[in-house]
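In: whatever this is, show me its structure:
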Amino acid sequence: MFSKNIDLLKNDIIASTCNLIKFQSILSKSTNPQMPFGENCNKALEYILDLGNHLGFRTKNIDGYCGYIEFGKGNELIGIIGHLDVVPEGENWTYPPFSATIADGKMYGRGAIDDKGPVIASLYAMKIVMDTCKVNKRVRLILGLNEENDWKCIEHYKEKEEIPSFGFSPDADFPCIYAEKGLLSAYLSAPYHNENKIKIIDIDCNNNAINVVPKYCKITLSVDSSLSIDECIHNLKEIVERNHFDISIAKENSNIILTSYGISAHSAHPELGKNAISQAIITLHEFFEIYLIRNELFDYFCKAIGLKYNGESLGIHIIDESGLLTLNVAQFDLKDSNLVIGINLRIPIHTSIKTIKEKITSSLPHSISINFSGEKEPLYLSKENWLIKTLCNVFHEVTGLDSTPIAIGGATYARAFPNFVSFGANMPGDKDMCHQVDEFISIDNLILATNIYARAIYELSK
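Out: Numbering: from 1, shown residues only. Reported below is the predicted structural model:
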């Protein structure tokens, strides 16, 4: 329906996506009240709002927290909500993560699929509909800058601006997401007394985000002069070898440096990664046992969690149409004489978050305290809901592919407003590169997503 229009804009779509990826829009501290999430996030917002103006839309910067691009007339507002912020780039990229390098038909860069490429596809889809169709509603692309952290951008939007009647977020998978699991983060904490001959003096996990499987964990141990540091290193290496862990052990004066390496993945799919923190804690636990050093937090961790990523490790076996209860051990820290382990859980849609809290809390020894945060209720719309059916039909009509809606463990911006779902831009069967090293979007899929979004906007705004 819109293929010829898209062909004329193809080079512009590619160029605009490249330009947007080049902004290193990672959350940073800011003393400027007009740039609450940092200068680079602000530059990304200014760029796309300027682009929207150039393309003929109405635009608004909402106090530096977020912005929108809009067209159409009418009382009813359709929303498309995406984000311009990205997670940290990580290491060992094939191409520089903010270069937007195009190779083998793919555009590489942090944010290519999450969520800059899909945002640009949505914007040009709006352009095509605005220029070629008569619509009876307003269509607004809402642009957040804090999605990867705590959604302060959308909280600000809700305080200041009109709430759309319905819409979608281009921040997950096609054909359409009808359900998203509940979210909960739990922080296990226990006092740490440095009274033993082997002491943890530093933990560095590169400030790993709670929604990412950690790929790095460095622990510094101090060894008392009464012990043989070489014997300690020998024991550690035996533990690492026996467990087949990817951990290096090095001596630095009277200290031992233990560096654990994993594979990063999104917390919604912990099975796709390898957890550097879990490896490190298990190694420490077994090492401390050799020297009769008791640590109840490590005892609990190894018995209840270990290397597992499903709820069975906590004695909670829950599964429904949205999948298993999963967990990701995401953070490990020594803070104010306390050892803290941060865990992110994805909870099946028909299970209450309160139930999970109670089950975890009841399993803890008295010496371990727990704090919960990041709580988000699940999103669920019936597969027969008119919005789900409309978007699935659009996907099928454009691609000819199966249009059965799916459930996911991720938390998308679709949760921001009532009557919203996630819609693309990952194609069925494609590897999810969200938060991964060498994140990319294929050029063909970027253009195909633009076509799908244009058709969806047209159908929803008739």
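
In: ok, now how distant is the residue of the chain most remote from its centre from Ile293?
Out: Residue farthest from the centre of the chain, counting by CA atoms, centre = their mean, is Ser226 at 46.1 Å. Look at Ser226 and Ile293: by CB to CB, to the nearest Å, they are 14 Å apart. All C-beta atoms are positioned from the backbone trio N, CA, C, and that covers glycine.

In: repeat for Glu271
Out: Glu271 is 32 Å from Ile293, where distance means CB to CB.

In: so which bits of stretch 271-286 are buried?
Out: Judged by neighbour count (16 or more other CB atoms under 10 Å), stretch 271-286 contains these buried residues: 273-286.

In: dump those residues into JSON lines; add secondary structure, distance to Glu384 and pLDDT as well.
Out: Converted to JSON lines, those look like this (DSSP: H, G, I helix; E, B strand; the rest coil; distance: CB to CB, whole Å; pLDDT from 0 to 100):
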{"residue": "Gly273", "secondary structure": "coil", "distance to Glu384": "35", "pLDDT": "92"}
{"residue": "Lys274", "secondary structure": "strand", "distance to Glu384": "40", "pLDDT": "96"}
{"residue": "Asn275", "secondary structure": "coil", "distance to Glu384": "39", "pLDDT": "97"}
{"residue": "Ala276", "secondary structure": "helix", "distance to Glu384": "43", "pLDDT": "98"}
{"residue": "Ile277", "secondary structure": "helix", "distance to Glu384": "42", "pLDDT": "98"}
{"residue": "Ser278", "secondary structure": "helix", "distance to Glu384": "41", "pLDDT": "97"}
{"residue": "Gln279", "secondary structure": "helix", "distance to Glu384": "45", "pLDDT": "98"}
{"residue": "Ala280", "secondary structure": "helix", "distance to Glu384": "47", "pLDDT": "98"}
{"residue": "Ile281", "secondary structure": "helix", "distance to Glu384": "45", "pLDDT": "98"}
{"residue": "Ile282", "secondary structure": "helix", "distance to Glu384": "46", "pLDDT": "98"}
{"residue": "Thr283", "secondary structure": "helix", "distance to Glu384": "50", "pLDDT": "98"}
{"residue": "Leu284", "secondary structure": "helix", "distance to Glu384": "51", "pLDDT": "98"}
{"residue": "His285", "secondary structure": "helix", "distance to Glu384": "50", "pLDDT": "97"}
{"residue": "Glu286", "secondary structure": "helix", "distance to Glu384": "52", "pLDDT": "97"}
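
In: and those, which is closest to Ala416?
Out: Ranked by distance to Ala416 (CB to CB), the buried residues of stretch 271-286 are led by Gly273 at 26.8 Å.

In: doesn't Ser264 make contact with the closest one?
Out: Yes: using CB atoms under 8 Å, Gly273 is in contact with Ser264, at 5.8 Å.

In: anything in contact with each of the two?
Out: Residues touching both Gly273 and Ser264 (CB atoms under 8 Å, 6 or more residues apart in numbering) are Val213, Lys215.

In: tell me how many other residues surround the nearest residue to Asn207 once chain neighbours are set aside.
Out: With CB to CB, 6 or more residues apart in numbering as the criterion, Asn207 has its nearest non-adjacent residue at 7.7 Å, and that residue is Pro88. Other residues near Pro88 come to 17 when the count uses other CB atoms under 10 Å.

In: Pro88 touches Ile26, doesn't it?
Out: Yes: applying CB under 8 Å, one finds Pro88 in contact with Ile26, separated by 5.6 Å.

In: which residues does Lys197 contact?
Out: Applying CB under 8 Å, 6+ apart, the residues near Lys197 are Val223, Asp224, Ser226, Leu227, Tyr291.

In: if we go to 7 Å?
Out: When contacts are counted by CB atoms under 7 Å, 6 or more residues apart in numbering, Lys197 touches Asp224, Ser226, Leu227, Tyr291.

In: next one: Asn196
Out: Shown in contact with Asn196 (CB under 7 Å, 6+ apart): Ile293.

In: tell me the secondary structure for it?
Out: Look at Asn196: counting by DSSP: H, G, I helix; E, B strand; the rest coil, its state is coil.

In: do you know how far it is from Phe287?
Out: Distance, Asn196 to Phe287, using CB to CB: 12 Å.

In: assess the claim that Glu147 and Leu84 are in contact.
Out: No: using CB atoms under 7 Å, Glu147 is not in contact with Leu84, being 8.5 Å away.

In: which stretches of the stretch 51-200 of the chain form strands?
Out: 58-62, 66-72, 77-83, 101-103, 106-108, 138-144, 166-169, 172-173, 177-180, 182-191, 198-204 (DSSP state E, counting those that start in this stretch).

In: and the shortest one, how far from the chain's centre?
Out: The gap between the average C-alpha position of strand 172-173 and the chain average comes to 12 Å, counting by CA atoms, centre = their mean, to the nearest Å.

In: what's in contact with the helix or strand of the chain with the lowest mean pLDDT?
Out: In the chain, the helix or strand scored least confidently by mean pLDDT, DSSP states H and E is strand 319-320, which has a mean of 86. With contacts defined as CB under 7 Å, 6+ apart, strand 319-320 is touched by Pro348, Ile349, His350.

In: now render those as CSV, adding neighbour count, pLDDT and distance to Thr412.
Out: Listed next are these as CSV, based on neighbours: other CB atoms under 10 Å; pLDDT from 0 to 100; distance: CB to CB, whole Å:
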residue, neighbour count, pLDDT, distance to Thr412
Pro348, 22, 94, 17
Ile349, 18, 93, 14
His350, 14, 92, 19
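
In: okay, these in TSV with distance to Asn5 and secondary structure next?
Out: Conversion of the contacts of strand 319-320 to TSV gives the following (distance: CB to CB, whole Å; DSSP: H, G, I helix; E, B strand; the rest coil):
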residue	distance to Asn5	secondary structure
Pro348	42	coil
Ile349	38	coil
His350	43	coil
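
In: ok so, going back, give the next helix or strand downstream of the least confident helix or strand of the chain.
Out: As assigned by DSSP states H and E, the chain's next helix or strand after strand 319-320 is strand 323-324.

In: which residues sit against that next one?
Out: Contacts of strand 323-324 (CB under 7 Å, 6+ apart): Asn310, Gly311, Pro348, Ala407, Gly409.

In: and that strand, how far out from the chain's middle?
Out: Here strand 323-324 is found 18 Å from its chain centre; the criterion is CA atoms, centre = their mean.

In: please save the CA atoms from the helix or strand just after that strand in CSV.
Out: Sequence order places strand 326-335 as the next helix or strand after strand 323-324, per DSSP H and E. Extracted C-alpha coordinates of strand 326-335, given in CSV (Å, rounded to 0.1, in the frame of the first residue of the first chain):
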residue,chain,number,x,y,z
THR,A,326,12.8,-16.3,35.7
LEU,A,327,15.5,-14.5,37.6
ASN,A,328,18.8,-12.7,36.8
VAL,A,329,21.5,-12.1,39.3
ALA,A,330,22.5,-8.6,38.1
GLN,A,331,24.4,-6.8,40.8
PHE,A,332,26.9,-7.6,43.6
ASP,A,333,28.4,-4.9,45.8
LEU,A,334,30.2,-4.3,49.1
LYS,A,335,28.5,-1.2,50.5
